[in-house]
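Asks: Give me a 3D structure for the following:
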Amino acid sequence: MNTLIAKNLNILIDFLAKRDLTALSPDELQAKYKINQADLLILFGGSIPEGTDVFAKAHQQNIAKNYLLVGGAGHTTEALRQKMQSSLADIDISTKSEAEIFALYLKNKYNITDCLLETKSTNCGNNITNALELLKNLDLKPKSIIFMQDATMQNRMDAGFRKYCPCDTTLINYATYKVHFTVQNDKLCLEQNNIWQMWNIDKYIELLMGEIPRLTDNINGYGPQGKDFIAHVDIPQEVHSAYQYLYQHLNIKTRQANSLYATK
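Replies: Residues are numbered from 1 along each chain as shown. You can find the predicted model right below:
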């Protein structure tokens, strides 16, 4: 059974962890979009700390003309503070926003100091609207935006951008990591990885499962037919089937239930 669970979890991962580039590099930008540099690279709060290193490596390659860190305080902030504190041992970050924590880390480790900060947003929705408002106030009108979020939330971030961003903007997804499940000795586990502060298995599964009800465009979801927080998302039948299988076989309590899948 664990083999089927792993297979279906990996279907969710491939759907949610959107990456429009095989690598975050000028060569890949040129190959796919015919540009060597994007106008803007954004790292959103909600990502595990690994995202800051991925962001820094892209910055070192001059992947964008401008850089933005987005995140105030939300349900992931305290976990981020705990995970990042050891890397910022001489700095009290107990009251810092996610964007400020990212900025401190990037300065301390990489001497990156040129990032714009948005520190008031509290969720994926106003992550985007606040970021766009900041760009408007600074008279920045990027025609190409690379945006990075936790793998579990990247698809939802894409749907938010599609709702609020000007239609002539090239939107480029790059989830900060992509880790699949495997089975070893008949035990479900994550494939070998060096991801810094990767979610534990139970939390990772909870986050993956919680996204499908949000993205489903019905009265309970976040799409136009529901809360209207995001643009419509086409969810392949394969993904719906994977979710239904996992819902029936795993005892996972997600942050939002959806009666569409209630079978008990």
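
Asks: Need the contact partners of the lowest-mean-pLDDT helix or strand in the chain.
Replies: Least confident helix or strand, the chain: helix 77-85 with a mean of 85, by mean pLDDT, DSSP states H and E. Residues outside helix 77-85 that contact it (CB atoms under 8 Å, 6 or more residues apart in numbering) are Gly45, Ile48, Pro49, Gly71, Ile93, Ser94, Lys96, Ser97, Glu98, Ile101, Tyr105, Gln197. Glycine gets a C-beta too; all of them are placed from N, C-alpha and C.

Asks: got the residue ranges for the helices in the stretch 151-264 of the chain?
Replies: Assigned by DSSP state H, counting those that start in this stretch, the helices in the stretch 151-264 of the chain fall at 154-164, 201-215, 237-249.

Asks: Buried deepest among the ones you listed, which one?
Replies: Across the helices of the stretch 151-264 of the chain, the average number of neighbours (mean count of other CB atoms under 10 Å) peaks for helix 154-164, which reaches a mean of 22.

Asks: if we can go back for a sec, output the contacting helices and strands for the helix or strand following the least confident helix or strand of the chain.
Replies: Next helix or strand after helix 77-85 toward the C-terminus (DSSP states H and E): helix 98-110. When contacts are defined as 3 or more CB pairs under 8 Å, 6 or more residues apart in numbering; DSSP states H and E, helix 98-110 packs onto helix 50-60, strand 64-70, helix 77-85, strand 116-118.

Asks: Tyr33 reaches Thr170, doesn't it?
Replies: Yes: in this structure, Tyr33 is within contact of Thr170 by CB atoms under 8 Å, at 6.4 Å.

Asks: Check the contact lists of those two and give me the overlap.
Replies: By CB under 8 Å, 6+ apart, the residues touching both Tyr33 and Thr170 are Ser144.

Asks: now Trp170: how far from Ser25?
Replies: No, residue 170 isn't Trp; it's Thr. Computed as CB to CB, to the nearest Å, the Thr170 to Ser25 distance reads 17 Å.

Asks: So for Phe229, which of the helices of the stretch 151-264 of the chain sits nearest?
Replies: helix 154-164 (7.1 Å; CB to CB).

Asks: what domains does the record give for the chain?
Replies: As recorded under automatic domain parsing, the domains making up the chain are 2-15+192-261, 19-173.

Asks: Point out the most buried one among those domains.
Replies: domain 19-173 (a mean of 18).

Asks: Figure out the helix or strand that the nearest residue to Ala58 once chain neighbours are set aside lives in.
Replies: Residue nearest to Ala58 in three dimensions, not counting chain neighbours: Leu24, with 4.6 Å by CB to CB, 6 or more residues apart in numbering. In this structure, Leu24 sits in neither a helix nor a strand according to DSSP H and E.

Asks: Repeat that for Asn10.
Replies: Going by DSSP H and E, Asn10 is part of helix 2-16.

Asks: What average pLDDT does the helix or strand following that helix get?
Replies: Downstream of helix 2-16, the next assigned helix or strand under DSSP H and E is helix 26-33. For helix 26-33, mean pLDDT rounds to 97.

Asks: Tell me the helix or strand right after helix 26-33.
Replies: Helix 26-33 is succeeded, C-terminally, by strand 38-44 (DSSP H and E).
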